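1. when you get a sec, could you give me coordinates for this:
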Amino acid sequence: MSEVSSETLAKIEQDIKSGDLGKARDRLHGLISTYPNELWLRKMLGDIYDQLQYPAMAGRYWYLESEKTTEMAEACRQFERTFGNNTHHIVRALKFKGDRDVIEHLPIHLETKVTGRVKGQLLEDVEKETLKDKLLGVGCLLFIVILLGIMLVGLYTVGQWIF
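-> Numbering: from 1, shown residues only. Presented below is the predicted three-dimensional model:
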């Protein structure tokens, strides 16, 4: 439980105790988007979806859990079936935006052939995102250099007219 605010976690626990699972669910969605590498947040959200009796959604958030119970594994299989066992659609539905290392070192027990392909596809997608980020940075830098070059040529030309 590294960076996540203990205050926010206390609010989530209070929401769960008071039976306001919808509010707890919404808070956890926000935390997952802020802290994508904290997989234990996904497990908490999966537990809430399980309490709300949405097993496929619970499976979606339990999918990256390394040690699954029988109930969790069945929910994950149901999640896979929801997407027709299509690896691409499953990866998109997982919405994992964290670091490659988190997935690479995740000891996902390969219950099905789909799970192994999903882990491979997640690694590829994270790699593509990293490459996109680098290309975007290079593109922005190149744009700034060209803009500065045009500005310098313009200043030189105006200076020639005046003097």
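
2. so for the lowest-mean-pLDDT helix or strand in the chain, what gets flagged as buried?
-> Sorting the helices and strands of the chain by mean pLDDT, DSSP states H and E puts helix 100-104 at the bottom, at a mean of 74. For helix 100-104, a neighbour-count test (16 or more other Cβ atoms under 10 Å) marks 102-103 as buried. Every C-beta, even on glycine, is put in place using the N, C-alpha and C of the backbone.

3. tell me which other helices or strands it touches.
-> Contact here means 3 or more Cβ pairs under 8 Å, 6 or more residues apart in numbering; DSSP states H and E; on that basis helix 100-104 packs against helix 113-162.

4. wait, Cys76 sits on Tyr61?
-> No - counting by Cβ atoms under 8 Å, Cys76 stays clear of Tyr61, with 9.7 Å between them.

5. now Leu64: closest residue in space, sequence neighbours ignored.
-> Leu39 (5.4 Å; Cβ to Cβ, 6 or more residues apart in numbering).

6. beyond the helix or strand where Gln14 lies, next helix or strand please.
-> When elements are assigned from DSSP states H and E, Gln14 belongs to helix 6-17. Using DSSP H and E, the helix or strand that follows helix 6-17 towards the C-terminus is helix 21-34.

7. buried sites along that next one?
-> Going by neighbour count (16+ other Cβ under 10 Å), the buried part of helix 21-34 is 24-25, 27-28, 31-32.
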